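Peer 1: build me a model from this:
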Amino acid sequence: MKYLIVGLGNMGSEYDDTRHNIGFDVVDDMAGDNPWSSERLGDVCRVKHRGRTLLLLKPSTYMNRSGKAVQYWQKQEKVPLTNTLVIVDDLNLDFGKVRLRGKGSDGGHNGLKDINATIGSGYPRMRVGIGSDYSRGRQIDFVLGKWTAEERQLLKEIILHCADGARSFAAIGLQHTMNKFNR
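Peer 2: Below you'll find the model as predicted:
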């Protein structure tokens, strides 16, 4: 059985260690020592987990064009919508809160908005709370900003939790994973 696990973020060193790239951070953790390869529309890593193949994807299309990469890799690898998990940052959740859902709206997130427009909204997604500690009109600076020292202390545990949740999604299914990993 095959699963597509998509971590949303932006390519380029200027986006490393930013809140917007938490999806990339989670799939990087899942990859472990397995190599990434630059392929069409993104970096790809294939890993095995409990007899399942997980195709990890970091789209190279930038956040607001993620749908093209997700659609391409779903078709290329013949992965059904229900076996696709998108991991994304969320301003509407407190820092460290994780919410896994089977489908839903884009919640104002441009990456999800593009994916919804391209493949529909019926795919599972994991929203990772980055908080909303920014002043009015500074949302973009906050999202593209680096983690604070306080956040960085807790970040490794959050990334591990999300990576374990994504592996659980492939191993035991969405419903059981939601019950176990939503916090």
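Peer 1: which parts of this protein are helices?
Peer 2: Taking DSSP state H as the criterion, the chain contains helices spanning 22-31, 66-77, 110-119, 139-143, 149-172, 174-181.
Peer 1: can I get these in JSON lines with mean neighbour count and mean pLDDT?
Peer 2: (Glycine included, C-beta is placed from N, CA and C.) Below are these laid out as JSON lines (neighbours: other C-beta atoms under 10 Å; pLDDT from 0 to 100):
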{"stretch": "helix 22-31", "mean neighbour count": "24", "mean pLDDT": "98"}
{"stretch": "helix 66-77", "mean neighbour count": "20", "mean pLDDT": "97"}
{"stretch": "helix 110-119", "mean neighbour count": "20", "mean pLDDT": "96"}
{"stretch": "helix 139-143", "mean neighbour count": "14", "mean pLDDT": "92"}
{"stretch": "helix 149-172", "mean neighbour count": "17", "mean pLDDT": "97"}
{"stretch": "helix 174-181", "mean neighbour count": "15", "mean pLDDT": "94"}
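Peer 1: for M1, which of those helices is the nearest?
Peer 2: M1 lies closest to helix 149-172 among those, at 7.7 Å (C-beta to C-beta).
Peer 1: can you list contacts of that closest one?
Peer 2: With C-beta atoms under 8 Å, 6 or more residues apart in numbering as the test, helix 149-172 has contacts from 1, 3, 5, 22, 25-27, 29-30, 49-50, 52, 54, 83, 85, 87, 95-96, 98, 100, 124, 126, 128, 131, 147, 176-177, 180-181, 183.
Peer 1: just to revisit the earlier point, redo the helices of the chain as a markdown table? Include distance to M11.
Peer 2: Converted to a markdown table, these look like this (distance: least, C-beta to C-beta, whole Å):
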| stretch | distance to M11 |
| --- | --- |
| helix 22-31 | 9 |
| helix 66-77 | 11 |
| helix 110-119 | 13 |
| helix 139-143 | 16 |
| helix 149-172 | 19 |
| helix 174-181 | 27 |
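Peer 1: indicate which one of the ones you listed is closest to K58.
Peer 2: Here helix 22-31 is closest among these (C-beta to C-beta), at 5.1 Å.
Peer 1: give me the contacts around the closest one.
Peer 2: Applying C-beta under 8 Å, 6+ apart, the contact partners of helix 22-31 are 5-9, 45, 47, 54, 56-58, 86-89, 126, 128, 130, 155, 159-160, 162-163, 166-167.
Peer 1: how far off helix 149-172 does that helix point, in degrees?
Peer 2: When axes from the mean of the first three to the mean of the last three C-alpha atoms, to 10 degrees is applied, the directions of helix 22-31 and helix 149-172 differ by 60 degrees.
Peer 1: distance of the residue of the chain most remote from its centre relative to T118?
Peer 2: Distance from the centre of the chain peaks at R136, with 26.2 Å (C-alpha atoms, centre = their mean). Relative to T118, R136 is positioned 32 Å away (C-beta to C-beta, to the nearest Å).
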